[in-house]
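Novice: coords please:
(chains A and B)
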Amino acid sequence: MNLSEDVLKGIETLSDEKLINDSVFKHIIDTCFLVILKKKTESDLFDNKAVSSVDTIALKQTFSAFIVFILESMKINYDQSSISDLLEEHKLSSSRIDFISNYFKEYRVAIRKHLSVTNFHFPHIIDVNWRLDLFMKSNAVEKLNTPVYLINLTTEQEENVKGKVQFAATLDQLQDLVFKLRDAQKQIERSSIKS
Amino acid sequence: MDEADGIILITLKDLGCEIEENETIKNFDSEMVYKCILAYLRVINEQKVINLTNTLPKNMSARVNACSLIANIIKDSGYRSELSYHNLLYPNVNDIRKIFIFLGQLLPKKEVESGGVSIQKLEDQICQYLQGCVKESWIPYFCPFSKRIPGNYSTATLFTTTGGNLRIPSRGRQLKVTPGLEQYYSQYLEPLTLQTNRFEDIAPSVFEYNLSIYAEAQERDNEWNDKGVSSGMNPIDYRKNKQKQVLSKMNDSIRQSIIDGGNNQISSNCNSGDSFLDIISEFRGNSLDVGGQFNRKKAFTNELNNNNNNNNDSTTNTNKVETEIETEEQRQLKRQAEIDALQSQIDEISESIQLHNKEMLDFLSLMRQSESENLEQDQQREVLEKQYKIKKKTFSLLDDAEGNMKELQSLCNQTSSNLLEMSGEWEKVRKPIIEKYRSLKDKQNNQADETKSKLDRIKEMRILIKKLVSEVQQKDDQFQQLQDQYKQAPKDSNRSQYTRRILETVKNIKKQKVDIDKVLLDTKNLQKEINTITDTAVRTFELVKDLLYNDAKKDQTAKQAIKSFAIIDDKFQKLFKTIDETGNFQNNILNLNSKIEHVSQKTNTLNSDRVVQDLKNIKSENQSLIKQIKTLIETKN
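Specialist: Got it, this is the predicted structure:
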């Protein structure tokens, strides 16, 4: 698993038992997992009185680094023994590793489901409206008589959130658009065939 | 059997099944069996398994259909034991183990080229994904997820990554060097999950951030391993050198762009006049758009129709055989004619293009010449304007010449008087400044002299230092030599005796010196007495002579007294000599006596030794004689 240097440094800070004692450690781990699942907020950790004695910078460092660690390991569905080995390499004690492993077992499926929803995708078209106008003349040209199509696309960006795309096109431009869509469809079909 | 199960589990993990650590085949349920067998079959014969879902369906009829299909596929592959859907829905350990072993044998062997394998796997994944995308239809957001592809599109959200702006604080050197950073980290920096705009942006931002930093670190290491090691520097120096090079290149590029920007301004001014025409031409182009794909396709179809019409015309001829031969020949001739015509057109067009290029070059040269001429004429115009202004003023002044001359003279007088006043003021200001200058110069010279003298002193002191250093070194050398001699000297037990003797002799010498001093004092005192006595004797002698000479003139007895006195004097002189000689002889006698004593002592010691020996001999002889006598007496009795 590829982790950047500052993340690894944060995990090593998490292993420092003088700076972060066991109760603070448990608070940090619990808040990290539950913030990812939207069951807690950051104020539950940073405004907690039990944590007020700890250095703020170290607290932010460990919290941020462990969030990155959770997301990266769940992205590739890193198995439990590998997680334990990696944490052991960075000087965490066995009791702390066991504590973290229990949390990974409990919340693995939920986190992966949450990550599967996160996907790179453009808004999805769900409706089309169109109108035909006739462009008769303008300031420079006395007589044109060209048809113009006004098109309104309704898209769905998020759950229950809709958007609009409006544009005007001549007949030739519209034909070009149709050809491009057909070409795209053919390209996808061609690439989907196994070589 | 545990070993076989282990091998099976390893292959299942390699195929991508999620199996926990302590789980074995004995613990498998129907769903797990279904997943594993499907994983095998996807590798062995994927086309037949495309329609099946990843997980066991919920309906019993669907389950029966799926399991029966899988069972048939396995039988077709060559499985000989009895197999049907119930073996999969209600699994038995032995049957499952047989199935897994059989399917393991059917797996294709791994290729030697691992790179090719990985690329093909990736391509297959992409193909599979795209097939799913093509087949899937749109589903509203309130429908459940599609089981084929994880994450339905309707619920997918468009995200924006803020990976470049994420920041994880850390205590280190940077925190101490940068002012205000510690306060920012402790009081103002949000935790990671609040640094993004929305909650949905956390995961992609985190992935981008982590990957970018990791990739940057890897690139740095690779560059160091390739170029840095060969450069012969240590990493810190190499990085500094690279920064310098980068900065110099940036400066050069900025300087070059400034120069180009200056040139571009001139060209932009030339082009600004054409912008309106460009707008008009664009407007015309938009209204008469010829370059679209649709129009090109339309033109292509028209050409096809024309060709079809030509073909129809050719078929209308009555004589089919002759006309066919003729038409082919005619076609060839027509084609050649067309080609020749097109070639001539191309040649003409190329010639015209060359001519236009030449005209373009000529126009450019004319433009340059005209620009340079414009510049020259502008300069001349400026000069002429100045001259014109001067002449205009002079002509305006000619109307009233005398009055103007007087005014000019008065102005000249005023200016001259002003100049005199100014010169006086300048002298007032100039004197203290010159005095300051001279004083400062003198100070500087004095300082120079002082510096020279100090330098001379420094040189002398340095010379002294060198001498002292050399002397110190010599003394150190002597000290070392003496120490070496002291170490090399023998350390015997007799040393203490010699020291005692030396000390005793020293004491004796001191005592003798004291005695000698006393003797010397005595001799001095005696010498003084002798001197006084001799002086008194001499004086008395002269007194006597004087008295006698005075009396000798009167009395004859005095004359005789003088003669006798002289004789007495001579005799006394002889006495002195003899006394001295006797003294010397006595000294010699004493010396000889002392020598005699020494020698006699030696001889006495020697004689005493002989005497002692003689006594011993005599005693021994006496004893022997006594014995003889006793024996004789006894014999007589």
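
Novice: Need the pLDDT of the most centrally placed residue in chain B.
Specialist: Centre of chain B computed as the mean C-alpha position; nearest residue by C-alpha atoms, centre = their mean is B:Asp237, 3.7 Å away. The model reports B:Asp237 with a pLDDT of 82.

Novice: do you know how far it is from chain A?
Specialist: Distance from B:Asp237 to chain A, counting by C-beta to the nearest C-beta, to the nearest Å: 22 Å. Where C-beta positions appear, they are placed from N, C-alpha and C, glycine not excepted.

Novice: One more: B:Ala66?
Specialist: With C-beta to the nearest C-beta as the criterion, B:Ala66 and chain A are 24 Å apart.

Novice: Local confidence estimate at that residue?
Specialist: On pLDDT, B:Ala66 comes in at 83.

Novice: Next up, the contacts around it.
Specialist: Counting by C-beta atoms under 8 Å, 6 or more residues apart in numbering or on different chains, B:Ala66 touches B:Tyr34, B:Leu52, B:Thr53, B:Leu56, B:Pro57.

Novice: Most neighbours among these, please name it.
Specialist: B:Tyr34 (24 neighbours; other C-beta atoms under 10 Å in any protein chain shown).

Novice: Verify the stated contact: B:Val64 with B:Leu89.
Specialist: Yes - B:Val64 lies in contact with B:Leu89 (C-beta atoms under 8 Å); the separation is 7.5 Å.

Novice: picking up where we left off before, flag every buried residue along the helix or strand harbouring the residue nearest to the centre of chain B.
Specialist: Element membership for B:Asp237 (DSSP states H and E) is helix B:235-272. Across helix B:235-272, burial judged by 16 or more other C-beta atoms under 10 Å in any protein chain shown covers B:Tyr238.

Novice: do the same with stretch B:98-107
Specialist: B:Lys98, B:Ile99, B:Phe100, B:Phe102, B:Leu103.

Novice: can you give me how far that stretch is from the chain middle?
Specialist: 62 Å (C-alpha atoms, centre = their mean, to the nearest Å).

Novice: ok but A:Cys151 is inside a strand, no?
Specialist: You called it Cys, but residue A:151 is Ile. Yes - A:Ile151: assigned to a strand according to DSSP: H, G, I helix; E, B strand; the rest coil.

Novice: Grab the nearest non-local neighbour of it.
Specialist: The shortest distance from A:Ile151 to any non-neighbouring residue, by C-beta to C-beta, 6 or more residues apart in numbering or on different chains, is to A:Trp130 (4.9 Å).

Novice: Next, count neighbours for the one you found.
Specialist: 11.

Novice: Retrieve the pLDDT associated with it.
Specialist: Among the per-residue scores, A:Trp130 shows a pLDDT of 87.

Novice: strand partners of the helix or strand where it lies, parallel vs antiparallel please.
Specialist: Assigned by DSSP H and E, A:Trp130 falls within strand A:124-135. Paired neighbours of strand A:124-135 in the sheet (DSSP bridges): strand A:146-158 (antiparallel).

Novice: pull the longest helix from the chain.
Specialist: Going with chain A. Longest among the helix segments of chain A by residue count, using DSSP state H, is helix A:94-117.

Novice: should've been chain B
Specialist: helix B:401-488.

Novice: Look at the residue of the stretch 351-500 of chain B found nearest chain A and give its secondary structure.
Specialist: Residue nearest to chain A within the stretch 351-500 of chain B (C-beta to the nearest C-beta): B:His356, separated by 29.8 Å. Secondary structure state of B:His356, per three-state DSSP, is helix.

Novice: re the thing from before, give the rounded mean pLDDT of the longest helix of chain B.
Specialist: What helix B:401-488 shows for mean pLDDT is 83.

Novice: following that helix, which helix or strand comes up?
Specialist: helix B:495-552.

Novice: how far does that next one sit from the chain's center?
Specialist: Relative to its chain's centre, helix B:495-552 lies at 93 Å (C-alpha atoms, centre = their mean).

Novice: and the angle from whichever helix or strand comes after it to helix B:495-552?
Specialist: The element immediately downstream of helix B:495-552 (helix or strand, assigned by DSSP H and E) is helix B:556-636. Calculated by axes from the mean of the first three to the mean of the last three C-alpha atoms, to 10 degrees, helix B:556-636 forms an angle of 150 degrees with helix B:495-552.

Novice: same for helix B:556-636, what does it pack against?
Specialist: Contacts defined by 3 or more C-beta pairs under 8 Å, 6 or more residues apart in numbering or on different chains; DSSP states H and E place helix B:556-636 against helix B:495-552.

Novice: Could you name the helices and strands sitting against the helix it packs on?
Specialist: Counting contacts by 3+ C-beta pairs under 8 Å, 6+ apart, helix B:495-552 is packed against helix B:556-636.

Novice: Mind checking the pLDDT average for the helix it packs on?
Specialist: Average pLDDT, helix B:556-636: 82.

Novice: so what secondary structure elements neighbour the longest helix of chain A?
Specialist: Under the contact criterion of 3+ C-beta pairs under 8 Å, 6+ apart, helix A:94-117 touches helix A:22-36, helix A:56-75, helix A:80-89.

Novice: Contacts made by that helix with the rest, please.
Specialist: A:14-15, A:22, A:25-26, A:29-30, A:33, A:36-37, A:70-71, A:73-75, A:77, A:80, A:83-84, A:87-88, A:92, B:150-151, B:155-157, B:203.

Novice: swap in stretch A:80-90?
Specialist: Stretch A:80-90 has contacts (C-beta under 8 Å, 6+ apart) with A:1, A:8, A:11-12, A:15, A:73, A:94, A:96-97, A:100-101, A:104-105, B:21.
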